[in-house]
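Peer 1: A structural model of the following input is requested.
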Amino acid sequence: MQVVRKPVHLTCPQESATATIELPEDEPEIIERLIEYCYRADYTKFSANAFLGHAKVYAAAHKYGVDYAGWAATTKYERAASFEWDASDFLLSFPYIFESTAESVLDMRRTATECARSRMLSLTLTEGLYNAWKQTCLDVPEFAFDGLGDLAKEVRRFICGECNNGTSLRQEFMKSACCEAEVDNDPDFTAVDP
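Peer 2: Model prediction:
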């Protein structure tokens, strides 16, 4: 493979003539945060909807190959979920997270899904939030699938309140009580590891 190198003024004549770079599809505030991160290894907090802001920085970081800024955005998103929780703003970030990043880019998707799972009650607390939650799941089926898939894996195991043994749900429902069942000798039962 032959690499062809050309002076920048030949490959990007408009940028070299005007000394400006046009990024029409990107929001100036997001690019500003990305550049700020490149200089300071951090970026300024968002005054409105921190979740959506961090999601946009993550997408821009991935788009322009600034991986560390993407990791910082993911961490800041998690921190916002812990210290600046707003369920409505949180739900507004999901379409952007799942539509603006490739399916193979999982960091922010996993973080958002985990935050949703850990705050399920607050996301469905009022009728308005429940309706917003429902609409988000309908609008972003990848999120609904990821969240339910992870939840299904987690639900398969629980600790019995009677005997304190870790058992699978199938064992509990197949037998009257896990602490009374002789599961080890049951040919119909197959243990399922999470």
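
Peer 1: Touching the host helix or strand of I35 from outside, list them.
Peer 2: Per DSSP states H and E, I35 falls inside helix 28-40. The list of residues contacting helix 28-40 from outside it, by Cβ atoms under 8 Å, 6 or more residues apart in numbering, reads 23, 42-44, 53, 56-57, 60-61, 64, 66, 68-69, 72. C-beta: built from backbone N, CA, C; applies to glycine.

Peer 1: buried stuff in the strand or helix carrying T74?
Peer 2: Under the criterion of DSSP H and E, T74 resides in helix 67-83. For helix 67-83, a neighbour-count test (16 or more other Cβ atoms under 10 Å) marks 69-70, 72-74, 76-78, 80-81 as buried.

Peer 1: Which parts of this structure belong to which domain?
Peer 2: 8-155, 156-194 (automatic domain parsing).

Peer 1: Quick one: mean pLDDT for the longest one?
Peer 2: Going back to what we said before, that points to domain 8-155. Averaged across domain 8-155, the pLDDT comes to 85.

Peer 1: All further residue positions should be reported with the first residue as 36.
Peer 2: From this message on, residue numbering opens at 36, which makes the last subject domain 43-190.

Peer 1: May I see the buried residues of stretch 79-99?
Peer 2: 81, 84-99.

Peer 1: Now tell me what touches that stretch from outside.
Peer 2: 61-62, 64-66, 68-69, 71-72, 78, 101-105, 107-109, 111-112, 115-116, 119, 121, 124-125, 127-128, 131-132, 135-137, 140, 142-143, 147.

Peer 1: dump the residue contacts of D121.
Peer 2: 84, 86.

Peer 1: ditto for E134
Peer 2: E134 is in contact with V175, counting by Cβ under 8 Å, 6+ apart.

Peer 1: Extract the C-alpha set from the helix or strand where it lies and format it as CSV.
Peer 2: Assessed by DSSP H and E, E134 sits inside helix 122-135. This file holds the C-alpha atoms of helix 122-135, laid out as CSV (Å, rounded to 0.1, in the frame of the first residue of the first chain):
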residue,chain,number,x,y,z
ALA,A,122,-34.9,11.2,35.9
SER,A,123,-36.4,13.2,33.0
ASP,A,124,-33.0,14.5,31.8
PHE,A,125,-31.5,11.0,32.2
LEU,A,126,-34.1,9.5,29.9
LEU,A,127,-33.6,12.3,27.3
SER,A,128,-30.0,11.1,26.9
PHE,A,129,-30.9,7.5,25.8
PRO,A,130,-31.8,8.2,22.1
TYR,A,131,-28.6,10.1,21.7
ILE,A,132,-26.4,7.4,23.3
PHE,A,133,-27.9,4.6,21.3
GLU,A,134,-28.3,6.4,18.0
SER,A,135,-25.1,8.4,17.8
